[in-house]
Each structure stands twice: as structure tokens, then as C-alpha cells.
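Undergrad: sequence plus predicted model, see below.
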Amino acid sequence: MTNILSIQSHVAYGHVGNASAVFPLQRLGVEVWAINTVEFSNHTGYGAWRGQVFDAALVSDLVQGIAERGMLARCDGVLSGYMGAADIGAAILDAARRVKSCNANALYCCDPVIGDVGRGIFVRPGIPEFMRAQAVPAADIITPNHFELELLSGRQATTLPAAIAACDGLHRIGPKVILVTSLHAEETPPGFIDLLASGPDGRFLVRTPRLDLDLNGAGDAIAALFFYHHMRSGSTAEALARAASSIFGVLERTEKAQSRELLLVEAQEEFVRPSRLFTASAI
């Protein structure tokens, strides 16, 4: 049994943050210990929502409660996403350090949520700097999108070689494995989207059709899937292929239904047996 501590946002309605990451992992047989950094009624893309951002003390207190059960030594990995504020980020990194002090084999995967192409930075001031200076160097695995790759590395990634160079720059400051989601380079054909993964075992690319969707949460789900499959297999290529295949199946089902929210429950078989299998090509 794999145990993952997932610390990120949560919504009551819809699927982003833990509401997007937890169920796919559970469907794959993972025990997920979820700590929410925010609790909103729905994702902020709707333009209106209710709820609140929690403080760092609550995150630390919940981790302490798990520690008092003697369970940190049985935690195999820590996953983080939207942090809400820089002090919450510090509490997350402290949780990752505590887990690793109890289990030397545990890994930390950081989805460095900062912004996106076309939207720019959408997190609170201080978060981008925290991600670059502290979270990314502390992580074993990171899962930035195209915009976040460029911001964190300080490099333009308009071509595949440039994206690889940006990954190399980030490897040098900490993370051994990088998944770049939603990459659109000059080599990407119209109507397609690329996913690039870079690790000690090589660089790999999966190219999928671009679907006509405008929703939130897919990045949170693919980060969780990639993290688990890499933990399980140790293979960057296999983790990329499995995560990309599953999330494409969910997105395709969501597009057909014209849903604004990911159909995670309806399309849950995609996590176990994807209806379309993509192959990761070495580059």
C-alpha cells in the first residue's frame, strides 16, 4: 500500500486541488492523507466563490496530529499544489522535511502553481519567489506548466531544445524529475499539445490532440498521477505515458459531455485502464 500526504487546495463543488488529485490516486489503490490549504465553494475560474484560505498553523497542526499517530514513517510521498500564501508553503516544506526524516525513501512532488499562458501570474505576491527560491530546490519532482517552466527557470522555452535547457537549469538547483504540462513549442503541430518529462533516465515526449476545453483541475490530476506512477515504476517514460493517457481519456469524456468540470467519477476507469494509450518517445 502506498501512502501519500497531499497538501493543496480543495473545493466543495467541482474538481481542483485535492478535489482533483485525491480520487484518481484512490482509484489506483493509494491511501491519501489530504490536508487542505483552502476550502472554497468552487474554483475561482467561475469569477465568484465563497470560503477561506487556511493559515500555516493549521497545516502544521494537522501534520503534527498525523505524526502523533506514528504514521510519518509510513508516508511514501508528499504532494503539494496551490499554496495560498508563502507561509503555508513554509509549512508544507516543513512537512516534507519531517516525512523524509522519518522515511529516507520518501519523495516530495511540488506542483508549482503560479500562473498560466494567457493569464499570467494569478497567485498572491511572494508565492513565485517562494517557489523559485525554496520549494523547487526542496522537491524531488516538479510539474510546472509551460508558463511556470519559463518563469522558474528564467528562460524562454519556445522550442523543444529550449524547453530541455530550461529543465536542465531547474535540475541543477534540485528536482531530479520534471514534468512539463501543456507545452506548446515551435515543433508542436497545430491542433496538438506536448507533455515533456525529464529525469535521470532521459527526456521523453508525449503528443496528444488538443481538446476544445476551458476548465481547471487537469494539472492537479496529472501531477498526482505522474507522481504515483513514477514512485511505483521508477521510470520517467512510463510515468509520463500512463499519466498522459489517463488524463487525456478524462478530458476527452469531459469534452464530449461539454462539462465545465472534469468528469473524474464518470471517467474513473481511465485511471486504471485508459481507453487510448500514448507512448512516450525519447528525445
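TA: Noted; the coordinates are in hand. Numbers count the residues shown, from 1 in each chain.
Undergrad: now F130: closest residue in space that isn't a chain neighbour?
TA: Distances taken as C-beta to C-beta, 6 or more residues apart in numbering put A86 closest to F130, at 4.4 Å, once the chain neighbours are dropped. (Glycine included, C-beta is placed from N, CA and C.)
Undergrad: what pLDDT is listed against the one you found?
TA: We have a pLDDT of 87 for A86.
Undergrad: use 48 as the first number from now on
TA: Got it, first residue is 48 now, which makes that one A133.
Undergrad: hang on, A132 packs against P172?
TA: No: counting by C-beta atoms under 8 Å, A132 sits too far from P172 to count as a contact (9.6 Å).
Undergrad: so those two - more neighbours on which side?
TA: A132 (20 against 9; other C-beta atoms under 10 Å).
Undergrad: excluding its backbone neighbours, what's nearest that one?
TA: R171 (5.8 Å).
Undergrad: ok, and what's touching stretch 322-329?
TA: 244, 249-255, 283-285, 287-288, 291-292, 295-296, 299, 316 (C-beta atoms under 8 Å, 6 or more residues apart in numbering).
Undergrad: one more time with 6 Å
TA: Residues external to stretch 322-329 that are found in contact with it (C-beta atoms under 6 Å, 6 or more residues apart in numbering): G249, F251, L252, V253, A284, L287, A288, A291, S292, G296.
Undergrad: please list only the buried members of these.
TA: The neighbour count (16 or more other C-beta atoms under 10 Å) marks F251, L252, V253, A284, L287, A288, A291, S292, G296 as buried among these.
Undergrad: and the pLDDT at the first one?
TA: According to the model's per-residue confidence, F251 sits at a pLDDT of 98.
Undergrad: just the strands from the stretch 48-197 of the chain, written as ranges.
TA: Remark: strands assigned in the stretch 48-197 of the chain by DSSP state E, counting those that start in this stretch are 50-58, 78-87, 98-100, 124-127, 154-157, 162-163, 167-168, 188-189.
Undergrad: how many other residues sit next to the residue lying closest to G246 once chain neighbours are set aside?
TA: Nearest non-adjacent residue to G246, counting by C-beta to C-beta, 6+ apart: T283, 3.5 Å away. T283 is flanked by 26 other residues according to other C-beta under 10 Å.
Undergrad: quick one: T283 and A244 touch, right?
TA: Yes: because the distance of 5.0 Å satisfies C-beta atoms under 6 Å, T283 is recorded as touching A244.
Undergrad: anything in contact with each of the two?
TA: With C-beta under 6 Å, 6+ apart, T283 and A244 have common neighbours F251.
Undergrad: any idea how far Q73 is from Y60?
TA: Look at Y60 and Q73: by C-beta to C-beta, to the nearest Å, they are 19 Å apart.
Undergrad: sorry, wrong one. I was asking about M118.
TA: 17 Å.
Undergrad: next: L258.
TA: 25 Å.
Undergrad: before we move on, what SS does R250 have?
TA: strand (DSSP: H, G, I helix; E, B strand; the rest coil).
Undergrad: spatially nearest residue to it (excluding sequence neighbours)?
TA: Nearest non-adjacent residue to R250, counting by C-beta to C-beta, 6+ apart: I330, 5.1 Å away.
Undergrad: would you mind confirming that that neighbour is in contact with G249?
TA: No: using C-beta under 6 Å, I330 makes no contact with G249, being 8.2 Å away.
Undergrad: joint contacts of the two?
TA: If you check I330 and G249 against C-beta under 6 Å, 6+ apart, no residue is contacted by both.
Undergrad: follow-up on the earlier one: what about the residue nearest to A132, neighbour count?
TA: By other C-beta under 10 Å, the residues close to R171 number 14.
Undergrad: got it, and Q315?
TA: 15.
Undergrad: excluding chain neighbours, what is closest to it?
TA: Nearest to Q315 is R74, by C-beta to C-beta, 6+ apart, at 5.3 Å.
Undergrad: ok, the residue in the chain sticking out farthest from the centre to L109 distance?
TA: For the chain, the residue at maximal distance from the C-alpha centroid (C-alpha atoms, centre = their mean) is E115, at 27.8 Å. Using C-beta to C-beta, E115 is found at 11 Å from L109.
Undergrad: ok, now S245?
TA: 33 Å.
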